[in-house]
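[1] Fold the following for me, if possible:
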Amino acid sequence: MNQKGFTLIELVIVIIIVAILAGFAVMYYGRFIERMRIAEVDTLVGTCLSAQERTFLKFQHYTPYWHQLDAAPLPVRTPKDGNDYANGKDNTVFYTRGGVLTGIPNPGFAVSFEQDGTDRWFMVARRVGKGGYSYQLVRPFDSSRTVCVPTWTNEQDVAICMEYMGVTETSELEANPMVPKAGQTP
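    Prediction:
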């Protein structure tokens, strides 16, 4: 008699292989999503820094307020859900994923314009929300390079910053440009 079908051992082996492949897929999918979030905030940083330069040319100063930019993100231009970006007081932080709706920020970035105590300005995108990441992207207004600053105790932060900066050793990661180097005055 010729029986067709799978034995129990064959079925178990296939299930184990699928589980291993699914584990890798989930790990790489999370990293892929994080790279997409970084790409989104990178685009926002470039656009807003160009708008800051136009604001400086017009008024001879930069602004910490999103609504004063001529290229503000759509939620700034059309406030809703309690995000009142037009009031000039509470609009210094923009959340890339819709803000804080339940007391915890949605996974994304809290983006703001900041000064270091001098006339030097920075655009800072802090990773917020669930997901295990807590790094920040910092770009000085006077530079064309964004620096990824990890939380050194978080291995995911260090790994994503190394990938973003294109380095292979942690010693190659750049220091936070907002922190003056030893011997420099802020």
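[2] Please make it C-alpha for all contacts and neighbour counts, starting now.
    Fine.
[3] mean confidence score for stretch 38-58?
    Within the predicted structure, the mean pLDDT of stretch 38-58 is 91.
[4] cool, and stretch 122-138?
    Taken as a whole, stretch 122-138 carries a mean pLDDT of 89.
[5] again with stretch 158-167
    Predicted confidence along stretch 158-167 averages 92 (mean pLDDT).
[6] What is the longest helix seen in the chain packed up against?
    Of all the segments of type helix in the chain, defined by DSSP state H, the longest one is helix 8-59. Contacts of helix 8-59 with other secondary structure elements, assessed using 3 or more C-alpha pairs under 8 Å, 6 or more residues apart in numbering; DSSP states H and E, are made with strand 121-128.
[7] how far does the strand it packs on sit from the chain's center?
    Taking the mean C-alpha point of strand 121-128 and that of its whole chain, the gap between them comes to 8 Å (C-alpha atoms, centre = their mean, to the nearest Å).
[8] And the contacts of that strand?
    Applying C-alpha atoms under 8 Å, 6 or more residues apart in numbering, the external contacts of strand 121-128 come out as 41, 45, 49, 105-116, 133-142, 178.
[9] let's see 7 Å
    Around strand 121-128, the neighbours that count as contacts under C-alpha atoms under 7 Å, 6 or more residues apart in numbering are 105, 107-115, 133-141.
[10] now these: which count as buried?
    105, 107-114, 133-141 (16 or more other C-alpha atoms under 10 Å).
[11] Tell me which of those residues fall in helices.
    For these, secondary structure assignment (DSSP H) places none in helices.
[12] Tell me the gap between stretch 131-138 and the middle of its chain.
    Averaged C-alpha coordinates place stretch 131-138 at 6 Å from its chain's average position (C-alpha atoms, centre = their mean).
[13] CA atoms of that stretch as PDB?
    Presented in PDB, the C-alpha positions along stretch 131-138 are these (Å, rounded to 0.1, in the frame of the first residue of the first chain):
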ATOM      1  CA  GLY A 131       9.600  50.200  21.900                       C
ATOM      2  CA  GLY A 132      12.800  50.200  23.900                       C
ATOM      3  CA  TYR A 133      14.600  53.000  22.100                       C
ATOM      4  CA  SER A 134      15.600  56.300  23.900                       C
ATOM      5  CA  TYR A 135      18.300  57.800  21.600                       C
ATOM      6  CA  GLN A 136      18.200  61.300  20.200                       C
ATOM      7  CA  LEU A 137      19.100  62.800  16.900                       C
ATOM      8  CA  VAL A 138      20.800  66.200  17.200                       C
END
